[in-house]
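K.L.:
Predicted model and sequence follow; I will ask about them next.
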Amino acid sequence: MNPVRCGWANPANPRYLAYHDEEWGVPCRDETRLFEMLNLEGAQAGLSWETVLNKRDNYRTAFDNWDAEKIARYDEAKVAQLLANPGIIRNRLKVAAAIANAQAYLKLRDDTGGLAPFLWAYVDGKPLQNARAGLQEVPAKTPLSDRISKDLSKRGFKFVGSTIIYAYMQATGMVNDHCVDCFRHRMLAGR
């Protein structure tokens, strides 16, 4: 018998199911992954997460395994190469945002130690535990995602609107938004 999952987990896509079952909502403090997910959530704007997830391996290759030091130095030739790459979302603003985000990240790292200490301070170091009965109860954004969005924007990050940031908080485990009947909700509630 299949376990009960959140309604958004597409059972026809094994990559999507694995993402739901093993990654989404798991507290993350790894700097590279936090930087990657921030950029991927921004790349998703206007698209489905499944589209981005299916291209994630291509993104890792195209963006030097999300090495912010390298990305911060991308020039016009590299931008042209990225915009010609069919394995990623070829949107000039989103590519430019990844470069700006790398530059902002390096400054944030110098100022605060990185994304992990910066972000997790907003939730006192532990995930917010929600008890959502269904997808209709999950907000697109919250007052906290509004605050984080504004703070990141002030620091020069791009594609970090409140809705994107709330999705990022869910993905990186700052908030447990698995529905209460989902088998992952109980597993993550005890962390």
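P.N.:
Good, I have the coordinates. Computed from a predicted structure; not experimentally measured.

K.L.:
Run through the bridge partners of the nearest residue to residue 189 once chain neighbours are set aside.
P.N.:
Nearest residue to residue 189 in three dimensions, chain neighbours excluded: residue 129, at 5.5 Å (CB to CB, 6 or more residues apart in numbering). (Glycine included, C-beta is placed from N, CA and C.) Following DSSP bridges, residue 129 is listed with bridge partners residue 176.

K.L.:
correct me, but residue 129 touches residue 176?
P.N.:
Yes - counting by CB atoms under 8 Å, residue 129 touches residue 176, with 5.1 Å between them.

K.L.:
I'd like the distance between residue 57 and residue 185.
P.N.:
From residue 57 across to residue 185, the span is 28 Å (CB to CB, to the nearest Å).

K.L.:
thinking again about what came up before, with neighbour numbers in mind, choose between residue 129 and residue 176.
P.N.:
Higher neighbour count among residue 129 and residue 176: residue 176, with 24 against 13, using other CB atoms under 10 Å.

K.L.:
quick one: contacts for the more buried one?
P.N.:
Shown in contact with residue 176 (CB atoms under 8 Å, 6 or more residues apart in numbering): 25, 127, 128, 129, 130, 185, 188, 189.

K.L.:
Count the residues that sit near the nearest residue to the fifth one once chain neighbours are set aside.
P.N.:
Okay, so that is residue 130. If the residues on either side of it in the chain are set aside, residue 130 comes closest to residue 177, at 5.4 Å by CB to CB, 6+ apart. As a burial measure, residue 177 scores 27 neighbours (other CB under 10 Å).

K.L.:
ok, residue 177 touching residue 171?
P.N.:
No - in this structure, residue 177 is not within contact of residue 171 by CB under 8 Å, at 9.7 Å.

K.L.:
mind checking how far the residue nearest to residue 130 is from residue 33?
P.N.:
18 Å.

K.L.:
re earlier: what would the contacts of residue 176 look like in a markdown table with distance to residue 112?
P.N.:
What follows is the contacts of residue 176, written out as a markdown table (distance: CB to CB, whole Å):
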| residue | distance to residue 112 |
| --- | --- |
| 25 | 24 |
| 127 | 20 |
| 128 | 20 |
| 129 | 25 |
| 130 | 26 |
| 185 | 31 |
| 188 | 26 |
| 189 | 28 |
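
K.L.:
Nearest to residue 10 among those?
P.N.:
Nearest to residue 10 among those, counting by CB to CB, is residue 25 at 16.3 Å.

K.L.:
Which residues are in contact with the closest one?
P.N.:
127, 170, 171, 173, 175, 176, 177, 178, 184, 188.

K.L.:
could you dump the residues you listed to TSV with distance to residue 85?
P.N.:
Listed next are the contacts of residue 25 as TSV, based on distance: CB to CB, whole Å:
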residue	distance to residue 85
127	35
170	28
171	23
173	30
175	32
176	35
177	32
178	33
184	33
188	35
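
K.L.:
Show me the shaky parts of this structure.
P.N.:
Low-confidence segments of the chain, defined by pLDDT under 70, span residues 191.
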